[in-house]
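# Sharing a sequence plus its predicted fold:
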Amino acid sequence: MTLLGRIISFYPTFILLLAFTDVCWFGYQPSVIQPVVFLIIIYIVPPVSLRIHQAIFPIKETRSNLAKRHYSAWWGAHQIQVLYIAVPHLEALLRIIPGAYSAWLRLCGSKVGRKVYWTPNIEITDRSMLEIGDRVVFGHQCKLLGHAITPKGSAMILFVRKIKIGNDVFVGAGSRIGLGAEIADGVFLPVLTDVFMNQKIETSPVEKNSLMQAVANSQKS
């Protein structure tokens, strides 16, 4: 790991120190300013840092060896997002405010369309690597995984690719979507669907109407 890689691994600690300092400031001289500053530290500083980092060190959608002595743009971006991985409730709070989470992901660098519905418990590993169309619905506990790491001898091979989801797509609860996946407009993914790395889905695996009929029949029996 390079010196820059070691330095940026302290980014989460830096954010926590800023937040802690703000809390101490509030305790010493309380006013409405400190809560606003706290929200800026938690929700604005990391996405802006991510955009600046992306401008200087763009993530290339190719494979690379993390074990080599070079600065990994993905590693830096990952460290900037670690706070949200460690404390997922921070993002869950944004998802209960209509439109807030989509706007926040755009600030992180993703392309997110209009009227996208996010249920609170969703996991996204790479917040700048999404292209999502209009009127997409994500069910409970969906996962969008923008990278994968595979050990190969002494090497740690990293794969990074954007996830692309078209308009009017329904992603069933518990579904997992891997890096490089592309889902066409109007696709209906049933619960617990796995979309693998670089997989393209042009049509729904199960027709929406037939699935709803199966559910109705099971309720009658």
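Alright, I've got the coordinates. Since this is a predicted model, take the numbers as computed values, not measurements.
# Only C-alpha atoms from now on, for both contacts and neighbour counts.
OK.
# show me the contacts for residue 180.
For residue 180, the contact set (CA atoms under 8 Å, 6 or more residues apart in numbering) comprises 146, 160, 161, 162, 163, 164, 197, 198, 199.
# Any quick ChimeraX command for the buried ones out of those?
Selecting just the buried residues from the contacts of residue 180 in ChimeraX takes one command, with 16 or more other CA atoms under 10 Å as the test:
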select :146,160,161,162,163,164,197
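# Give me the buried positions along stretch 29-48.
Residues 34, 37, 38, 41, 42, 43, 46, 47 are the ones in stretch 29-48 that count as buried (16+ other CA under 10 Å).
# now these in JSON lines, with secondary structure, pLDDT and distance to residue 128?
Listed next are the buried residues of stretch 29-48 as JSON lines, based on DSSP: H, G, I helix; E, B strand; the rest coil; pLDDT from 0 to 100; distance: CA to CA, whole Å:
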{"residue": "34", "secondary structure": "helix", "pLDDT": "97", "distance to residue 128": "28"}
{"residue": "37", "secondary structure": "helix", "pLDDT": "98", "distance to residue 128": "24"}
{"residue": "38", "secondary structure": "helix", "pLDDT": "98", "distance to residue 128": "23"}
{"residue": "41", "secondary structure": "helix", "pLDDT": "98", "distance to residue 128": "19"}
{"residue": "42", "secondary structure": "helix", "pLDDT": "98", "distance to residue 128": "17"}
{"residue": "43", "secondary structure": "helix", "pLDDT": "98", "distance to residue 128": "15"}
{"residue": "46", "secondary structure": "helix", "pLDDT": "98", "distance to residue 128": "12"}
{"residue": "47", "secondary structure": "helix", "pLDDT": "98", "distance to residue 128": "9"}
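# would a markdown table of these with distance to residue 108 be doable?
Putting those into a markdown table (distance: CA to CA, whole Å) gives the following:
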| residue | distance to residue 108 |
| --- | --- |
| 34 | 24 |
| 37 | 19 |
| 38 | 18 |
| 41 | 14 |
| 42 | 13 |
| 43 | 10 |
| 46 | 8 |
| 47 | 5 |
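# returning to that earlier point: can you list the contacts of residue 180 in JSON lines and add distance to residue 134, pLDDT and secondary structure?
Formatted as JSON lines, these follow (distance: CA to CA, whole Å; pLDDT from 0 to 100; DSSP: H, G, I helix; E, B strand; the rest coil):
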{"residue": "146", "distance to residue 134": "20", "pLDDT": "96", "secondary structure": "coil"}
{"residue": "160", "distance to residue 134": "24", "pLDDT": "96", "secondary structure": "strand"}
{"residue": "161", "distance to residue 134": "21", "pLDDT": "96", "secondary structure": "coil"}
{"residue": "162", "distance to residue 134": "17", "pLDDT": "97", "secondary structure": "coil"}
{"residue": "163", "distance to residue 134": "15", "pLDDT": "98", "secondary structure": "strand"}
{"residue": "164", "distance to residue 134": "12", "pLDDT": "98", "secondary structure": "strand"}
{"residue": "197", "distance to residue 134": "23", "pLDDT": "95", "secondary structure": "coil"}
{"residue": "198", "distance to residue 134": "22", "pLDDT": "96", "secondary structure": "coil"}
{"residue": "199", "distance to residue 134": "21", "pLDDT": "97", "secondary structure": "coil"}
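# which one of the contacts of residue 180 is nearest residue 76?
Nearest to residue 76 among those is residue 160, at 13.4 Å by CA to CA.
# Can you tell me the closest non-neighbouring residue to that closest one?
Nearest residue to residue 160, sequence neighbours excluded (CA to CA, 6 or more residues apart in numbering): residue 147, at 4.5 Å.
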